[in-house]
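Participant: sequence unknown, structure follows:
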């Protein structure tokens with residue numbers, strides 16, 4: 001999986017949003033296969049126009065538990081957004097995810113200025129689900 005820092009650098013290198021959309025699609029294509037047994041209602045993200053699933057494997061307990069996230073979508077650009085969020089959050093502790101200022105982390109990508117309102121809502125729903133998972137584990 002591409003690191004979040006590499007995604008930031010690649011986005012900064014790409015001047016044109018058509019190229020950035022293509023890059024997002026490529027990130028989505030590079031995601032590890034999503035487990036079929038987690039393609040269910042419990043793992044589905046509400047608030048997304050397309051279908052999105054997020055699952056977490058947890059190592060440890062409480063705030064020190066490390067979340068290994070997986071995700072998938074049936075829409076190419078949204079799947080790329082899933083890849084961006086996995087790069088941002090996966091492998092971090094529940095406490096670190098809960099405390100992360102993800103608005104500031106994602107700001108350099110300027111996604112809000114270039115996504116449709118439906119995709120922006122879906123991105124917010126994915127972020128909220130990940131934060132909720134981390135919060136539940138940390139407490």
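Facilitator: Looks like it came in fine. Predicted model, so just to flag it, every value in this text is computed and none were measured.
Participant: list the buried ones in the longest helix belonging to the chain?
Facilitator: Scanning the chain for the helix with the most residues, using DSSP state H, yields helix 117-138. Residues 119, 122-123, 125-127, 129-131, 133-134, 137-138 are the ones in helix 117-138 that count as buried (16 or more other Cβ atoms under 10 Å). (Each C-beta comes from the backbone N, C-alpha and C, glycine too.)
Participant: Secondary structure element holding the residue nearest to the spatial centre of the chain?
Facilitator: Central residue check for the chain by Cα atoms, centre = their mean: the C-alpha nearest the mean position is that of residue 85, 2.2 Å away. Assigned by DSSP states H and E, residue 85 belongs to helix 76-89.
Participant: Which is the succeeding secondary structure element to that helix?
Facilitator: Helix 76-89 is succeeded, C-terminally, by helix 94-99 (DSSP H and E).
Participant: No further questions, thank you.
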